[in-house]
Each structure stands twice: as C-alpha cells, then as structure tokens.
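**Student:** Quick one, fold the following:
(one chain, ligands or ions: 1)
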Amino acid sequence: MKMEFSGKTVLITGAAVGIGRATALRFAQKGAAVVLADIDEEKLAAAKEEVAAFTPEVLALTCDVSNAQQVDCTVKTALARFGKIDILVNNAALWRGDRLFIDTPIDLWQTFLNVNLMGTVYFSRSVLPQMIASRWGRIVNVASVAGVYGKPQMAAYSATKAAVIALTKALAKETAAYGVTVNSVSPGTVTDSGDPDPHASTPSSLCYMGRTGTDSENANLICFLAGEETAYLSGQNIQLDGCRKII
Ligand SMILES: NC(=O)c1ccc[n+]([C@@H]2O[C@H](COP(=O)([O-])OP(=O)(O)OC[C@H]3O[C@@H](n4cnc5c(N)ncnc54)[C@H](O)[C@@H]3O)[C@@H](O)[C@H]2O)c1
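**Tutor:** The predicted structure follows:
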C-alpha cells in the first residue's frame, strides 16, 4: 500500500526523545525510511526499536550536531544506506536551565550557538546539494516561541532560535527555484520530553488553550510541512503554541 511518505527518506536530529522521537514515529507510520540522529546513544537505540515496529527502513546514528565532521559523516552514512535524503528535520537543541543574562558565561553562549544554530547550519549544508540536484527537498527547522518573543532568563536560547528563524527565511529564498522548501515550527510550551506518551498534555497558564502542546501535535505539523501538498509553502515560521498569552 502506498502511503504519504513511501519512497521518501527523512533524517531527524535530536530524535531520541520528545518532539524528535514523535516525529520519527509519525514519519515511519506514514511510510518513510527514517534516519534518527542524536548524541544520546542509549535513548537513540530505544527510539530506533520503537520506529522499527513500523518500518524495517530505519537507521540510528550517534552524532553531535555541533561537530561539522560528525554531521558530514552521518549524512554520508545515511546516503550510503538510502541513496538520498528528501526531508531534513533540524530538531536537536539545548534549552534547559534558566539563567539571567548577567550570569551566563561566554562559553555557555558558545555552546548554545554551536548546537542550536550551527547544528542546523551543518546539517543543512551537508544535505542541501543532493536535494538541489534532485530538485526536491524539505527542510523543517524546530525553533521556538522564545525566538519570536525573547524569553527572560533564556537570552542565549532565545537568540539562537531567532537566528534559526532568520536562517529559515533566508535559505528558503535561495532554494525556492530548486523545489526545496525551508520552514520552521516554533513550539510553545511542550509536555516534558521525559513523558513517553507523545499525546501527553499538562495544564499550562501560558496560553489561552490552557495546556501544553504535545510531541505528537508538533510531529503532525512537521509532517505537514514535509509533504507533497505543501510545495508552495516556504520561508514561514509557524507557531504551534495554543494561542500564546505570555512568555
Ligand atoms: N519542550 C519544549 O517545551 C520546547 C518548546 C519550544 C521549542 N522546543 C524545541 O523543540 C526541540 C525538541 O525539544 P524537546 O523538548 O522535544 O527535546 P529535548 O530537549 O528533551 O531533547 C532534544 C534531543 O536533542 C538531543 N541533543 C541535544 N544536544 C545534541 C547534540 N549536540 N547533538 C545531537 N543531539 C543532541 C538530546 O540528546 C535529545 O534527545 C528543540 O529544538 C527545542 O528547542 C521545545
């Protein structure tokens, strides 16, 4: 039976838990070959097992997205196995740990930049030439409402996510002529990624809907942006935040 993503290969970073894991599962359920990349080897192996319940076409690769060589090596390995990467989901990021701006050391700024921004840059650079050559591609970057509004005590995180949104918009313009779309999803507050139920939600006063978003809802939006039907949608940042009230 032909499914929505039959014949397509997706590579998802930060795929071991949370939104990344839910996205990997959803793509597998919709027929894609799935490459999961993450720095956490143990949780990555567990996520791979879950995905394998839906498709034999699954590859899990340990990778630090802030290391350009490891990223190139991951992409090479994925291409050797599946021949192409049609869809790239740049989801891996650091965000935990609130700190005042004046208490944030420079090396922590550098770490946030290296993972959240440069990780997205490295994977996009590594995958794009082959997408451009095949005249089809989808890049979906996971940003954040923090990158839109600026979150206090999360200045470094907010700045990197704002940069990811700007990168999304700029890159979309460069790739539009080649059938490659680039969009970003900006989640509001999502249920803690430690909860293995991708549909789990908890009460939240931060949005008018009064609850956190789920990993599954984010996965659905990412799949929508990666589909055949959204070929005319590019350079957009879509907030999935239950109608955000405060930051
Ligand atoms: N959870 C939220 O409330 C929320 C809100 C807005 C945006 N987001 C964004 O959603 C995305 C996913 O967040 P989440 O909360 O679902 O998961 P998470 O933050 O719990 O996990 C992210 C995954 O990325 C991996 N990772 C971290 N650093 C890495 C590196 N250097 N190389 C490779 N992998 C690395 C981790 O091992 C983990 O599996 C992130 O981009 C985050 O900024 C999350």
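**Student:** Skipping adjacent residues, who's closest to Ser201 in space?
**Tutor:** Closest residue in space to Ser201, ignoring its immediate chain neighbours: Arg211 at 4.7 Å, by Cβ to Cβ, 6 or more residues apart in numbering. C-beta coordinates here come from the backbone N, C-alpha and C atoms, glycine included.
**Student:** now swap in Gly18 and tell me
**Tutor:** Ser193 (2.8 Å).
**Student:** Test my guess that Leu79 contacts Gln130.
**Tutor:** Yes - between Leu79 and Gln130 there is a contact at 6.9 Å, judged by Cβ atoms under 8 Å.
**Student:** pLDDT value on the residue nearest to Ser201, please?
**Tutor:** You'll see Arg211 listed with a pLDDT of 97.
**Student:** who touches it in this structure?
**Tutor:** For Arg211, the contacting residues are Ser201, Thr202, Pro203, Ser204, Gly242, by Cβ atoms under 8 Å, 6 or more residues apart in numbering.
**Student:** Out of the residues you listed, which comes closest to the ligand?
**Tutor:** Nearest to the ligand among those: Ser204, at 9.8 Å, using Cβ to the nearest ligand atom.
**Student:** ok, the nearest residue to the closest one once chain neighbours are set aside - how many residues close by?
**Tutor:** Distances taken as Cβ to Cβ, 6+ apart place Thr212 nearest to Ser204, at 4.8 Å, with adjacent residues excluded. Other residues near Thr212 number 23, with proximity taken as other Cβ atoms under 10 Å.
**Student:** and Thr212, how far is that from the ligand?
**Tutor:** According to Cβ to the nearest ligand atom, to the nearest Å, Thr212 and the ligand sit 7 Å apart.
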